[in-house]
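Chemist: Build me a structure from this.
(chains A and B)
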There are 2 protein chains.
Amino acid sequence: MSKVPANLKVCIFDVFGTVVDWRGSLIADLPALGRKYGIETDWTSFADDWRGLYQPQMGRVRKGELPWTRIDDLHKEAFEMLLQKRGLKHPGEEGAWEFTHLWHKLRPWPDSVEGIGMMKKKYVVATLSNGNVALLINMAKNGGIPWDHCFSGETFHHYKPDPEAYLGVVDSMYLKPEQVMLVAAHNNDLAAAQKCGLSTGFVLRPGEHGPGQTRDLKAEGDWNAVGTSMIDLAKKLGC
Amino acid sequence: MSKVPANLKVCIFDVFGTVVDWRGSLIADLPALGRKYGIETDWTSFADDWRGLYQPQMGRVRKGELPWTRIDDLHKEAFEMLLQKRGLKHPGEEGAWEFTHLWHKLRPWPDSVEGIGMMKKKYVVATLSNGNVALLINMAKNGGIPWDHCFSGETFHHYKPDPEAYLGVVDSMYLKPEQVMLVAAHNNDLAAAQKCGLSTGFVLRPGEHGPGQTRDLKAEGDWNAVGTSMIDLAKKLGC
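Modeler: Residues are numbered from 1 along each chain as shown, chains lettered A, B, ... in the order given. Purely as a prediction, here's the structure:
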C-alpha cells in the first residue's frame, strides 16, 4: 500500500481540470465574448472541441512537427481552426487573443485555494502545467491561488507526459524524485510521473468533463494518496 | 524626467542585496556552522570574500568557460576555493552543502516583505535573480516573501547582466519591455535592464556592503522611480 514519504518536500500540481474548472469557466465566459464580436454558435460544444484540440496540438510539439510553442499560441491556433470548421467569422487579431486569454481566467474549483493553502504551510506548492508561465501567473492572480512558484512545460521546453517535465522539477529543486509529489486529477499524468519515480496524489474531479464524464472517475494506479477534494488530499498529506 | 508607465504590469526584483541582507545574514550564521565543523576564521571577511567571488564565478559561465552552472554549484566551489586559500579544513561534502545552503536562508531587509506585499496588490511581483530557482523558493519560504513567481538566470540559462535574462521575462509574459520594471539596489543592473527597454526602480541599500560601502549610495541613472526603502518605492509606484 502506498503512503506519503516522510521526506516529501514539494507538491507540484496539474492545473487544467485539477485546480481549475476549465469547462465550467469557458462555458460561462464564451457567450459574452461571442456577443461582443457578433459570433453565434453552441459555446458548450465549442468549449469541449477547443479542449479536444489540446492534446493533438501539444502532440505536434512533442513529436517534433513544431518547434517549441507555448500553449497560448497553440490555443489561439486551435481557436482559429474551430472558427473555420464551424464557418464562423474571425474576430480579428486582438479579438482572437481576447478569446485565447479566457484560459488565463479559468476559475479554481471551490476547494482548490483552501486545500493548496493548507499544503503551502508544510510543502513548497507549485504548478507543473502545460500552460505557459504568463497564463499560470495571471490565472493565480485572478483566482487567488497561492503558488510558491509556477513550473511549466515552458520551463523545460517539454510538454507532459514527457519525462523531462517531471524530472526537470526534481533536478531544479536538487531533490530525489520521491520528494516531489505530482497532484493531478488524471491517472495518465500520475502514471507518467510515477514512472519517473515521483510521488503521486490523485484528486477526484468527476465533473471536469461535464455530466457525461467517463474517465478518471477513480484511482487507477497505486498512488501515494487519494483525495475526494483538494482539502481532503491536504488532510491525507498531514496538513 | 522619468516616471512610472501607466501600463506597467510586472515588477521583477534583484534579490541579493536588494531584497535580502546577504552580508548581515552570512555574518550572523557562519560562526555557528564554523563551530559545528571545527573551522575557525574571521567570518566577516570570509563573507565578503565569498561574495567577492560571485561575479568572477558567473563570469566564467557568461564568457563560455563553463557550461551553464547554477549559483548553488558556483557558491559551493567558491566556498571550497576560500577554504583552500585560507588553509582551512574541508567539512566534507554534506558540510560544504550545509554552508552553501546558508544562501537559501538569507533574511529580507526589514521593509522588504511589506513593500513587496504592497506591490503584489497592483502588479505581478517576481524575482529576476542570478540565484537558482530552488534557492529563491526556499528563501521565500524561510523569509515569508510573497512572490508570484521566481524568474532566475536558471530560467533562461543566462546570468544578468546578459540581455537574455531581462528580455526573457518580457517575452515569457507577452509584454512590451516598458511594462516590466526591474527593481534593484545596483545601478549597473538597472542600466543593463534600461538598455533592453525595461522600466527601472532603484532602492537605496546603503548598508549592503557594511559600514564602508562606497558604491550604489545614490541613483546614478535616469530611473523611473527611486525609493529609500521597498515601502517607499511601493508608494512611488502608486501602491
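
Chemist: what number of residues lie near the closest residue in space to residue A:154 that isn't next to it in sequence?
Modeler: Leaving out its chain neighbours, the residue that sits closest to residue A:154 by Cβ to Cβ, 6 or more residues apart in numbering or on different chains is residue A:132, at 4.6 Å. (C-beta placed from N, C-alpha, C; glycine too.) Neighbourhood size, residue A:132 [other Cβ atoms under 10 Å in any protein chain shown]: 26.

Chemist: isn't residue A:132 right next to residue A:68, touching?
Modeler: No - assessed by Cβ atoms under 8 Å, residue A:132 is found out of contact with residue A:68, at 10.6 Å.

Chemist: and residue A:202, what element?
Modeler: Following DSSP states H and E, one finds residue A:202 within strand A:199-203.

Chemist: okay, stretch A:62-74 in PDB with CA atoms only?
Modeler: Presented in PDB, the C-alpha positions along stretch A:62-74 are these (Å, rounded to 0.1, in the frame of the first residue of the first chain):
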ATOM      1  CA  ARG A  62       6.100  16.500 -28.700                       C
ATOM      2  CA  LYS A  63       6.600  14.700 -32.000                       C
ATOM      3  CA  GLY A  64       8.900  17.500 -33.300                       C
ATOM      4  CA  GLU A  65       6.500  18.600 -36.100                       C
ATOM      5  CA  LEU A  66       6.500  22.100 -34.500                       C
ATOM      6  CA  PRO A  67       9.400  23.800 -32.700                       C
ATOM      7  CA  TRP A  68       8.800  24.700 -29.000                       C
ATOM      8  CA  THR A  69       5.500  26.600 -29.000                       C
ATOM      9  CA  ARG A  70       3.600  27.900 -26.000                       C
ATOM     10  CA  ILE A  71       0.100  26.900 -25.100                       C
ATOM     11  CA  ASP A  72      -1.200  30.400 -25.600                       C
ATOM     12  CA  ASP A  73      -0.100  30.200 -29.300                       C
ATOM     13  CA  LEU A  74      -1.400  26.600 -29.600                       C
END
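
Chemist: follow-up on the earlier one: now find how far off-centre the strand holding residue A:202 is within its chain.
Modeler: Centroid displacement of strand A:199-203 relative to its chain, using Cα atoms, centre = their mean, to the nearest Å, is 14 Å.

Chemist: helices or strands next to it in the packing?
Modeler: Strand A:199-203 sits against strand A:180-184, helix A:187-195, strand A:225-227, helix A:230-236, with contacts defined as 3 or more Cβ pairs under 8 Å, 6 or more residues apart in numbering or on different chains; DSSP states H and E.

Chemist: Other residues contacting that strand?
Modeler: For strand A:199-203, contacts defined as Cβ atoms under 8 Å, 6 or more residues apart in numbering or on different chains pick out A:2, A:4-5, A:8, A:11, A:18, A:177-185, A:187, A:190, A:193-194, A:219, A:221, A:223-230, A:233, A:236-237.

Chemist: What subset of the residues you listed is buried?
Modeler: Among these, the ones that count as buried by 16 or more other Cβ atoms under 10 Å in any protein chain shown are A:8, A:11, A:18, A:177-185, A:187, A:190, A:193-194, A:219, A:223-227, A:229-230, A:233, A:236-237.
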